[in-house]
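[1] Starting from these lines, generate the structure:
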Amino acid sequence: MLKKVITVGLLGGIVLTTWTLLINGVFRFQANIDMKRIETESQVYDILKEHITEPGRYIFNPELTSEGRYPDGEPVFSVLNGGVGHESAGKFMLVGLGVFFLAPIIATWMLSLASRRTLSSYPRKVLFFAAIGLLIAIFTDLTNFGIGSYPVKDAIKFASVHFISWTIVGIVVAARIQPEHTD
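    Purely as a prediction, here's the structure:
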């Protein structure tokens, strides 16, 4: 069963990678959210580079009012400095690719441990993966909004994509994982 789990999990990784390349590479989903440009980018970049020298997330609030509180309706800005440049993109992409294969293998292994009733039902197996996508969506995407983070609509978009991604992986994996025969 281990060989089957790894093989089917790798297939799930191929599906997840292909879907991600399609949604982000062709339709530029994440770039349209995370890589918006401004007209004065070079000036802002120079200021940030001069003043933000350590990796981390930085929050910029408006000046306090005379009452000592933040004014209503004024934006809060967030800047993230990962501490690396474009030259690191390749090796980080390899790490991400590893995760794209490891996660479906682990999920397939978890499914293989499910009850015979679950393993005998295609919809239940798909639902198993959809539930994983839902957990990721709830605990990573839907909690990543608000002050200094994503607007709610972007958090919902990310959550939807993760839910759909894992459901698609489930559609493929569920067709190939069957209960073991007990003779």
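
[2] How much space separates the residue nearest to the spatial centre of the chain from Ser149?
    In the chain, the residue lying closest to the centroid (C-alpha atoms, centre = their mean) is His162, at 6.3 Å. Distance of His162 to Ser149, given as C-beta to C-beta, to the nearest Å: 16 Å. Backbone N, C-alpha and C define where each C-beta goes, glycine included.

[3] Asp72 too?
    19 Å.

[4] before we move on, what about Leu111?
    On the measure of C-beta to C-beta, Leu111 and Ser149 end up 32 Å apart.

[5] quick one: low-confidence ranges for this structure?
    Residues of the chain that meet the criterion pLDDT under 70 lie in 181-183.

[6] go again using 90 as the cut-off
    1-2, 34-35, 80, 82-97, 100, 144-149, 177-183 (pLDDT under 90).

[7] Which parts of it are helices?
    Remark: helices assigned in the chain by DSSP state H are 2-20, 29-34, 41-51, 89-112, 116-119, 122-136, 152-174.

[8] Quick one: list the elements packing against the fourth one.
    Judged by 3 or more C-beta pairs under 8 Å, 6 or more residues apart in numbering; DSSP states H and E, helix 89-112 is in contact with helix 2-20, helix 116-119, helix 122-136, helix 152-174.

[9] Please put the alpha-carbon coordinates of it into PDB.
    Extracted in PDB, the C-alpha atoms of helix 89-112 (Å, rounded to 0.1, in the frame of the first residue of the first chain):
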ATOM      1  CA  ALA A  89      13.700  32.900  -6.400                       C
ATOM      2  CA  GLY A  90      14.900  29.600  -8.000                       C
ATOM      3  CA  LYS A  91      15.900  27.800  -4.800                       C
ATOM      4  CA  PHE A  92      12.700  28.900  -3.100                       C
ATOM      5  CA  MET A  93      10.700  27.700  -6.000                       C
ATOM      6  CA  LEU A  94      12.300  24.300  -5.600                       C
ATOM      7  CA  VAL A  95      11.300  24.200  -1.900                       C
ATOM      8  CA  GLY A  96       7.800  25.200  -2.900                       C
ATOM      9  CA  LEU A  97       7.700  22.400  -5.500                       C
ATOM     10  CA  GLY A  98       8.800  19.900  -2.800                       C
ATOM     11  CA  VAL A  99       5.900  21.000  -0.600                       C
ATOM     12  CA  PHE A 100       3.600  20.700  -3.600                       C
ATOM     13  CA  PHE A 101       4.500  17.000  -3.800                       C
ATOM     14  CA  LEU A 102       4.900  16.200  -0.100                       C
ATOM     15  CA  ALA A 103       1.600  17.600   1.000                       C
ATOM     16  CA  PRO A 104      -0.500  15.400  -1.400                       C
ATOM     17  CA  ILE A 105       1.600  12.400  -0.400                       C
ATOM     18  CA  ILE A 106       0.800  13.000   3.300                       C
ATOM     19  CA  ALA A 107      -2.900  13.600   2.500                       C
ATOM     20  CA  THR A 108      -3.000  10.500   0.400                       C
ATOM     21  CA  TRP A 109      -1.400   8.500   3.300                       C
ATOM     22  CA  MET A 110      -3.900  10.000   5.700                       C
ATOM     23  CA  LEU A 111      -6.800   9.000   3.400                       C
ATOM     24  CA  SER A 112      -5.300   5.400   3.100                       C
END
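
[10] Many thanks, we can stop here.
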